[in-house]
Structure formats: C-alpha cells, structure tokens
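Novice: predicted model follows, preceded by the sequence.
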Amino acid sequence: MRLTVLVDNNTLTDRYLLGEAGLSFLLRDGGSRVLFDCGFSDVVCANAARMGIDLGAVDVVALSHGHLDHTWGLAHLVTHFTVHALEGRTPGRPLLVAHPEAFAPRRLNGMNIGSMVSEATLGDHFTFRLTREPLRLTDWLFFLGEIPRQFPFEATPPMGVRLTPAGAVPDTLPDDTALAYLGEDGLVIVTGCSHAGICNIVAHAREVTGESRVAAIVGGLHLLDASEDRILAVTDWLADAGVSALYPCHCTGFAATMALAARLPVHEVGVGLSLSFD
C-alpha cells in the first residue's frame, strides 16, 4: 500500500506544493485508488495536478467525518469530474463511503461547519455507501465504521451542534472514523481528526481486523487543545500498544507531538510525503 499526502497544514521542503488547514490522503492498494478526505478547498485538486495524479481515476472516496476541513474539497472534486466529462474524458463513478451522519448539517457559533455539498448533488457523481459498520474497501484496506468510545481519558466536549430530524443535538462526532490497512508488519491506521480518540480507533481496528500489531499511525490526532493529562494518557497507551511508527499531522498540535516523540518514533509529515507499507 502506498500513501501520498495531498493536503495537510504543513508542506515538505523543496516540494513547492500548497498547504491548508485540512487533510487528504491518496492510498493505492494494488490496482485500487482510495481518496481519504478532500481537504477544505481546491488545494486537493491543485496539489494532485502538480504531482501528476489524476483524481478522475479514483475508485473510492472515503470520509473520516463531516467537518468542513475534510469535506469542502468535495465541491472542487465534483467540478473536476464535470470538466472531465465536458472534455470527453468521461470519469468513472467512484464509490463514496462515509458514516450516515457525515452529511448532517452542523453549526458552531452559528456557522456552518458541515459539508457544503448535499447528498443529492453528490449522488449525481458518486455511488453512495453510508454505513456504521466496518467495510472492506480492498482485500487489505478497511473502513472502520463507527468507533466505540471505551476510554474515559479520551472523552471530549461536544463540538457545536448537529441538526437531526428531532432538532439540534450536541455534536459528539459519532461519524468520526478511520481506515486500517492490514499489512505484513501489522496495521497501518490512517486517521482524519481522531475525534473518536486515537486509542479508541486503534482498539477498534484491532477488533475489526484481528491484528494486534500496529506498524504505523498516519493522520490527525486532535490533541491540539488537549490537557496535559490527556496527552500523557494517550502517549502512554500508544507506547504500551507498541506502535512502531507515528506520523502525526493536521490537528495534532506541537505540544502533543513533542510529548509523543518522547516515547514513540515520530516522523515528519507534510504535503508531498509518500509512504509505502508491505
């Protein structure tokens, strides 16, 4: 499996690519191409073009959750597909995989922080698979579905409200999920923001796949504003879990990254990074 960072807050030196407060990874597993999240703007399309990546050839778009910094790039991806069609380069119809709550309207301080594009519009360009259950995307790559929240030290306050048919409810991000690749050296866990808690995600990935070894974690850990106690608890748990490599980015935060690096093998992440896993 090969993972390429298309969108992140940081960029690698000498790659001359664009960064933004968002996240998007392209995963290649055999002949399958999976786009995990789409960032905040057209940066996902711009960086892909600069790297010679044709997003029109993507087989699956999987969403970690419904926040704007992971979904608003969908509007530009739809534009990309439409231009392909108008130019006679008919794109495929990718599978879009997400939790059923991923497209629920969301508000924070009166602002929309959910998806900009409706399910109806996306339905013109994608085949939908909305699921709370784990889903095998390729022979070795899993969409983890809804993550059980089992560790009290990872509990966080709601982030704004989510609009449901019954009215507004505190948004605990039930749609937050991740991917897990079952490789020869163990699991490679790919996260968006880890609102569900990275330890909860790892525990669920182990249960879904039956593999306990963790070869790597790549993605946002949402420890930017976490308390020192929470950061230490997460660091201790991941160290005890034997994580072989950690690639924290996006919403992890500097203090958390430093604490994690004291106990775990932490590596740099930025737009343009490519990683290969057996």
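Specialist: Yes, it's here.

Novice: how much space separates the residue nearest the centre of the chain from Leu27?
Specialist: The residue lying closest to the centre of the chain (Cα atoms, centre = their mean) is Gly192, at 2.7 Å. To Leu27, Gly192 is 13 Å away according to Cβ to Cβ, to the nearest Å. Backbone N, C-alpha and C define where each C-beta goes, glycine included.

Novice: ok so, going back, quick one, what contacts the residue nearest to the centre of the chain?
Specialist: 23, 36-37, 63-65, 70, 176-178, 219-220, 250 (Cβ atoms under 8 Å, 6 or more residues apart in numbering).

Novice: show the contacting residues for Thr191.
Specialist: Neighbour list for Thr191: 64, 178, 198, 201, 217-221 [criterion: Cβ under 8 Å, 6+ apart].

Novice: go again using 10 Å as the cut-off
Specialist: Applying Cβ atoms under 10 Å, 6 or more residues apart in numbering to Thr191 gives the contacts 23, 25, 36-37, 64, 144, 176-180, 198, 201-202, 205, 217-222, 247-252.

Novice: just the buried ones among these, please.
Specialist: With burial judged by 16 or more other Cβ atoms under 10 Å, the buried subset of the contacts of Thr191 is 23, 25, 36-37, 64, 144, 176-180, 198, 201-202, 205, 217-222, 247-252.

Novice: so which residues of the chain form helices?
Specialist: For the chain, the helices defined by DSSP state H occupy 43-50, 68-71, 73-86, 119-122, 198-209, 228-240, 254-261.

Novice: winner for burial among those?
Specialist: Mean neighbour counts were compared across the helices of the chain using mean count of other Cβ atoms under 10 Å; the top stretch is helix 68-71, at a mean of 25.

Novice: I figured Phe277 hits Ala180, correct?
Specialist: No. The pair Phe277 / Ala180 is not scored as a contact, 11.5 Å apart, by Cβ atoms under 10 Å.

Novice: now do the shared contacts for these two.
Specialist: Contacts common to Phe277 and Ala180, judged by Cβ under 10 Å, 6+ apart, are 140, 187-188.

Novice: coming back round to it: ok, which of the helices of the chain comes nearest Gly167?
Specialist: Gly167 lies closest to helix 119-122 among the helices of the chain, at 19.8 Å (Cβ to Cβ).

Novice: quick one: mean pLDDT over that closest one.
Specialist: In this model, helix 119-122 has a mean pLDDT of 88.

Novice: quick one on the thing from earlier: where does the residue nearest to the centre of the chain land on pLDDT?
Specialist: On pLDDT, Gly192 comes in at 98.

Novice: report the separation between Thr121 and Ser64.
Specialist: 20 Å.
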